[in-house]
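Enquirer: Below is the sequence, then the predicted model.
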Amino acid sequence: MLKVAQIDYIKHLRENEGCSISEIAKRVKINWRTAKNYADGEVKIKNKTKQQREKPVMGPYLNLIEAWLEEDQRMPKKQRRTAKTIYKQLKKSTDFDGSARSVRLYVSKTRKKIIKAHQKQYVKLTHQPAEAQADFGEFQAIVPEKEEMVIYPYLVLSFPYSNAQLCRVVPSENIECFLEALKDMFEEIGGVPRTIWFDNLSSAVSKVLKKGKRKLTDAFKEFEWYYRFKAIFCNPGNGHEKGHVENRVGYIRRNWMSPPPIIEDVFEFNNYLKKELVNDRDRKHSSKNKLISELFDNDLNNLLILPSTPKEIIRTETAVTNKYGEISLDNNLYHIGPAHPQQKLLLKIYWDKILIYDQHGEKKLTECPRKYVRDTDDIDWKSELQIFKNKPRAIEHATYLKALPQVIKKYLLADELSKRRERIKMLLKLLDDYKVSEIADAILKALESSKTAPGDIESLLYYQSAQDENKTPIDESWTPASVNNWQPGLSEYNELCQEVTSK
């Protein structure tokens, strides 16, 4: 397989310079079929084990040399060590037995790296059409069936030239969700940005190398080749280089995620965001005195053409079932019914599902929806409701009221303000001893029987808790049949009456 740099050059010749296959083969000095495969085909990266080259002579002294060079940066230039001085110092103060040439080469390379690191980097503020930036953000949302706030990540793709942006809420920041969201946004705008700026996301960058280079994950590099855009990564600790998208991440959170929205279905919420962000383009750019929608047309007209077939975002892994017939993926357990313990399996992993095959990939055993464990925050109901104890009219606009069960909301929002105040106080008192779900059950029964006074609901809750504590039935010495056939005996009663009359 060709090196990554060679493949990038082939893609550049084909896409940007319009070279024929024969011309590419001649320039790169490869076979015509090989050139055709890399220029027009989908490229897959084969993993190769990289051997670490040892430096037996220089190795023990590299840190010392680097420390001296760092120290020199704080000294006047005329007083800094030369490579020759460093060599002499090594020979004098250590057991170094290497050559002066080895020291000179290493000093030259390391000094350039240190100087570059100390120089402040600046990024041009001018942006061309079809240039984009991408970054993740987080927000809290209310999930109605849960009594807690759920934290969702979202990916933003912004266009600095026009000030337009797109957004997708995703279940996770893993590689499958990341690439699926990018692909979905490409399809929404009908093209691909020519360049995209990224942070050093773990799903895209596996390692930051020297001189600003990056080792990319195989999945991301294949995605970049397939859609033909150029990925640019910020210097570590210099996120301001993609400041536009960081600003857009906050803009979207402030305008459509504050206060926390209700999310019953992520797909529906993403459709809502699409419409809102399209409407948001009907305003003027802050400095160009044109509508964002007009400027965004220039972005769209300069996009790369989409491939005829969308790329399938998939990852394959192998797994072995445990003694319970389960496999572990991303710290989640999946029970594989058709599999037996210790069976080897092949997994095809998508962002939303997992296909399970036998170890040879010939027979599909089952399909599982992919599990995601999201971070959550508990809602302090007492603190939230305390705010409205003396402001009962405002409670109907309370953010966290959306997360309460429907029956409690209906009960609290009485027409009379005095009743609202009374019910809020009752709810605050009950939350000391009961869960929200238990209070909801009691209010539902109270509404059915039309006994909705605070005392009635408290009695119902007390009765419910007593029932839960005494779930086992009491043993009785009698049965219904014996009671039906029972005949009262009055002899003992008569004897008692005689004793009373005699006294």
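Expert: Happy to help now that I have it. It should be emphasised that the depicted structure is a prediction, and the values quoted were computed from it without experimental measurement.

Enquirer: Look up the pLDDT of the nearest residue to residue 40 once chain neighbours are set aside for me, please.
Expert: Excluding the flanking residues, the one nearest residue 40 by CB to CB, 6 or more residues apart in numbering is residue 14, at 7.1 Å. Every residue, glycine included, has its C-beta placed from N, CA and C. pLDDT for residue 14: 80.

Enquirer: Residues in contact with the stretch of helix or strand residue 14 belongs to: which ones?
Expert: Per DSSP states H and E, residue 14 falls inside helix 4-15. Contact with helix 4-15 is made by 2, 19, 23-24, 27-28, 35, 38-40, 43, 45, 221, 225, 228, 304, as judged by CB atoms under 8 Å, 6 or more residues apart in numbering.

Enquirer: next SSE after the helix or strand hosting residue 277?
Expert: Following DSSP H and E, one finds residue 277 within helix 266-279. Per DSSP H and E, the first helix or strand lying C-terminal to helix 266-279 is helix 292-301.

Enquirer: So which elements touch that following helix?
Expert: strand 164-169 (3 or more CB pairs under 8 Å, 6 or more residues apart in numbering; DSSP states H and E).

Enquirer: And the next helix or strand after the strand it packs on, how far out from the chain middle?
Expert: Going down the chain from strand 164-169, the next helix or strand is helix 175-189, by DSSP H and E. Its chain's C-alpha centre and that of helix 175-189 lie 14 Å apart, by CA atoms, centre = their mean, to the nearest Å.

Enquirer: which other residues reach the next helix or strand after helix 175-189?
Expert: Downstream of helix 175-189, the next assigned helix or strand under DSSP H and E is strand 195-198. If you take CB under 8 Å, 6+ apart as the criterion, strand 195-198 is touched by 130-135, 157, 204-205, 229-234, 241-242, 245.

Enquirer: Just the ones of those residues in strands?
Expert: Members of those lying in strands (criterion: DSSP state E): 131, 132, 133, 134, 135, 157, 205, 230, 231, 232, 233.

Enquirer: Was I right to think the first one contacts residue 158?
Expert: No: taking CB atoms under 8 Å as the definition, residue 131 is not a contact partner of residue 158, at 9.9 Å.

Enquirer: Settle it for me: which of the two has more neighbours?
Expert: residue 158 (26 against 21; other CB atoms under 10 Å).

Enquirer: Specify the beta-bridge partners of that one.
Expert: Beta-bridge pairing for residue 158 (DSSP bridges): residue 133, residue 165.

Enquirer: which residues touch it?
Expert: Here residue 158 is in contact with 132, 133, 134, 164, 165, 166, 244, 245, 248 (criterion: CB under 8 Å, 6+ apart).

Enquirer: Restrict the contacts of strand 195-198 to the buried ones and give me that as a PyMOL selection.
Expert: Of those, the buried ones go into a single PyMOL selection, burial set by 16 or more other CB atoms under 10 Å:
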select buried, resi 130+131+132+133+134+135+157+204+205+229+230+231+233+234+241+242+245
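
Enquirer: thinking residue 207 is in contact with residue 214, fair?
Expert: Yes: using CB under 8 Å, residue 207 is in contact with residue 214, at 7.2 Å.

Enquirer: Can you tell me the closest non-neighbouring residue to residue 35?
Expert: Using CB to CB, 6+ apart and skipping the chain neighbours, the partner closest in space to residue 35 is residue 25 (4.0 Å).

Enquirer: what separates the one you found from residue 287, distance-wise?
Expert: Residue 25 sits 48 Å away from residue 287, going by CB to CB, to the nearest Å.

Enquirer: Same check on residue 56?
Expert: In terms of CB to CB, residue 56 sits 59 Å off from residue 287.

Enquirer: Likewise for residue 16?
Expert: Distance from residue 16 to residue 287, by CB to CB: 30 Å.

Enquirer: Settle it for me: which of those two has more neighbours?
Expert: residue 16 (11 against 7).

Enquirer: What is the least confident helix or strand in this structure?
Expert: Across the helices and strands of the chain, mean pLDDT, DSSP states H and E gives its lowest value to helix 480-484, namely a mean of 65.

Enquirer: about what we covered before: a markdown table for the ones in strands among the contacts of strand 195-198, including distance to residue 66 and pLDDT?
Expert: Formatted as a markdown table, those follow (distance: CB to CB, whole Å; pLDDT from 0 to 100):
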| residue | distance to residue 66 | pLDDT |
| --- | --- | --- |
| 131 | 37 | 94 |
| 132 | 37 | 95 |
| 133 | 34 | 95 |
| 134 | 34 | 94 |
| 135 | 33 | 93 |
| 157 | 39 | 96 |
| 205 | 24 | 82 |
| 230 | 32 | 92 |
| 231 | 30 | 91 |
| 232 | 28 | 90 |
| 233 | 24 | 88 |
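
Enquirer: Could you work out the most separated pair of those?
Expert: 131 and 205 (19.7 Å; CB to CB).

Enquirer: In the protein, spot the helix with the most residues.
Expert: Counting residues, the longest helix found in the chain (DSSP state H) is helix 100-118.

Enquirer: What average pLDDT does that helix get?
Expert: Here helix 100-118 scores 83 as its mean pLDDT.

Enquirer: Buried residues of that helix, list them for me.
Expert: Residues of helix 100-118 classed as buried by neighbour count (16+ other CB under 10 Å): 103, 106, 107, 110, 111.

Enquirer: Next, format the residues you listed as TSV and append distance to residue 180.
Expert: Below are the buried residues of helix 100-118 laid out as TSV (distance: CB to CB, whole Å):
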residue	distance to residue 180
103	51
106	44
107	47
110	42
111	44
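
Enquirer: Pick the one among those residues closest to residue 171.
Expert: For the buried residues of helix 100-118, with residue 171 as the reference and CB to CB as the criterion, the closest is residue 110, at 43.8 Å.

Enquirer: what separates the closest one from residue 56, distance-wise?
Expert: Residue 110 is 19 Å from residue 56, by CB to CB.

Enquirer: can you count the residues close to residue 295?
Expert: Counted with other CB under 10 Å, residue 295 comes out at 19.

Enquirer: sorry, that was for residue 167
Expert: Neighbour count for residue 167, taken as other CB under 10 Å: 23.

Enquirer: For the longest helix of the chain, which outside residues touch it?
Expert: Here helix 100-118 makes contact (CB under 8 Å, 6+ apart) with 57-58, 62, 65-66, 69-70, 73, 83-84, 86-87, 90, 210-211.

Enquirer: give me that answer again for 7 Å
Expert: Applying CB atoms under 7 Å, 6 or more residues apart in numbering, the external contacts of helix 100-118 come out as 57-58, 65-66, 69-70, 73, 83, 86-87, 90, 210-211.

Enquirer: thought residue 374 was touching residue 150?
Expert: Yes: counting by CB atoms under 7 Å, residue 150 is a contact partner of residue 374 at 5.2 Å.
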